[in-house]
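[1] I would like the atomic coordinates for the input below:
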Amino acid sequence: MLNWSISGKTKLCGVIGDPIEHSMSPVMYNAAFIELRLNYIYVPFKVRKEDLSKAIEGVRALNIKGLNVTIPHKIAVTQFLDELDPLAENIGAVNTIVNNDGILKGYNTDALGFLQTLLEKGIELKGEKVVILGAGGASRAISFLLAQRGANLLILNRTLDKAKECADRVSNVFQREVKALALNRQNLIRALKEADILVNTTNVGMSPNTETTLVTSDLIKPHLIVFDIVYNPIKTKLLMEADKAGAQTISGAEMLVWQGALAFEKWTTLKAPIELMRKKVINELERREN
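    Below you'll find the predicted structure:
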């Protein structure tokens, strides 16, 4: 229940993406706003690729305080913003926008949200062999963070050119080799034999297509850590396959909460109620699965 009435003083935040119906962000952010008695409200906006520039102009015109950016806009949106945070500029992808009196600045909280999730679980990255599935905006952020922390990276994507582009970007920043291969079963078999960590940054397995996975249990070794950034459902088909193989699993819901808390703090300048946000996300995901 809101602690205030929606009025001309209410600040609007939201998320743009396509699809957007599955988003947990409204549940998470609105609970946080209510908890801290902030006159904010958060809504999802379905925005097609061809309408992205108009949507960003609408942020200025409607004085929307902040936005999250999700699939498929994280890379393309950078060209329509006034400023980029240095981390977002290096990554080349944005998942959070702050509107400062019509000046739109892009940030990337995916990278730090991913890192916080691993640190919370005591997972170190230096020297680890990490296989990343996908080469979109989330992959760029995660690859950048992993390279920064000293991991050895291999990026697999169905379109090889995109995998190479992502790998080259990270290689150029850190002056270290990042490998890229086409995403197919043969390459997966070879890659996962040596891997310590597997990260899925694609939307494969996301609701409503919950029975799909890029990797099956026969390819997963028990020592592997499997991190699926898909958060709806909590236990994706990939994570079920990893469980079957005896591997450690990490749900995308954890990363969602951490990156969300960081975005919340940029919009409000207040510390996010992260435990409440986590509870609301998990409860809502469980409700939708029942």
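[2] Would you map the strands across this protein?
    Taking DSSP state E as the test, the strands found in the chain are 11-17, 40-46, 66-69, 83-84, 96-100, 103-107, 129-133, 152-157, 179-182, 197-200, 225-228, 248-251.
[3] Help me confirm that residue 93 comes into contact with residue 111.
    No. Judged on CB atoms under 8 Å, residue 93 makes no contact with residue 111 at a distance of 9.1 Å. Every C-beta, even on glycine, is put in place using the N, C-alpha and C of the backbone.
[4] Which residues are in contact with each of these two?
    By CB atoms under 8 Å, 6 or more residues apart in numbering, residue 93 and residue 111 have these common neighbours: residue 141.
[5] ranges for the helices of the chain?
    25-35, 52-61, 86-91, 109-120, 137-148, 160-174, 185-194, 237-245, 252-268, 274-289 (DSSP state H).
[6] From the contact counts, what lies against the last one?
    Looking back up the chat, that one is helix 274-289. Applying 3 or more CB pairs under 8 Å, 6 or more residues apart in numbering; DSSP states H and E, one finds that helix 274-289 makes contact with helix 25-35, helix 252-268.
[7] Put the alpha carbons of it into PDB.
    Extracted in PDB, the C-alpha atoms of helix 274-289 (Å, rounded to 0.1, in the frame of the first residue of the first chain):
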ATOM      1  CA  ILE A 274      18.400  -4.800  -0.300                       C
ATOM      2  CA  GLU A 275      17.000  -7.600   1.900                       C
ATOM      3  CA  LEU A 276      13.500  -6.400   1.400                       C
ATOM      4  CA  MET A 277      14.100  -6.200  -2.400                       C
ATOM      5  CA  ARG A 278      15.400  -9.700  -2.400                       C
ATOM      6  CA  LYS A 279      12.500 -11.000  -0.400                       C
ATOM      7  CA  LYS A 280       9.900  -9.300  -2.700                       C
ATOM      8  CA  VAL A 281      11.600 -10.700  -5.800                       C
ATOM      9  CA  ILE A 282      11.800 -14.300  -4.500                       C
ATOM     10  CA  ASN A 283       8.200 -14.200  -3.200                       C
ATOM     11  CA  GLU A 284       6.800 -12.900  -6.500                       C
ATOM     12  CA  LEU A 285       8.800 -15.400  -8.600                       C
ATOM     13  CA  GLU A 286       7.500 -18.300  -6.400                       C
ATOM     14  CA  ARG A 287       4.000 -17.000  -6.600                       C
ATOM     15  CA  ARG A 288       4.200 -16.900 -10.400                       C
ATOM     16  CA  GLU A 289       5.500 -20.400 -10.600                       C
END
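[8] can you give me the angle it makes with helix 25-35?
    Angle, helix 274-289 to helix 25-35, by axes from the mean of the first three to the mean of the last three CA atoms, to 10 degrees: 140 degrees.
[9] now what about helix 274-289, what contacts it?
    With CB under 8 Å, 6+ apart, helix 274-289 has contacts from 24, 27-29, 31-32, 35, 207, 231-234, 253-254, 256-258, 260-261, 264.
[10] Give me the distance from that helix to the chain's centre.
    What separates the centre of helix 274-289 from the centre of its chain is 17 Å, taken as CA atoms, centre = their mean, to the nearest Å.
[11] ditto for stretch 104-111
    11 Å.
[12] Give me the residues contacting it.
    Residues contacting stretch 104-111 (CB under 8 Å, 6+ apart): 56, 59-60, 74, 77-78, 80-85, 87-88, 91, 93-98, 137-138, 141-142, 144-145, 255, 258-260, 262-263, 266.
[13] how long is it end to end?
    Using CA to CA, to the nearest Å, the end-to-end distance of stretch 104-111 comes to 20 Å.
[14] Show me which positions of that stretch end up buried.
    Buried positions in stretch 104-111, judged by neighbour count with 16 or more other CB atoms under 10 Å: 104-111.
[15] now do stretch 215-234
    Quick answer for stretch 215-234 (16+ other CB under 10 Å): 215, 219-220, 224-234.
[16] from those residues, which is closest to residue 66?
    residue 231 (20.3 Å; CB to CB).
[17] Next one, pLDDT for the closest residue in space to that closest one that isn't next to it in sequence please.
    Leaving aside its chain neighbours, residue 231 sits nearest to residue 252 (3.6 Å; criterion: CB to CB, 6 or more residues apart in numbering). Confidence at residue 252, expressed as pLDDT, is 95.
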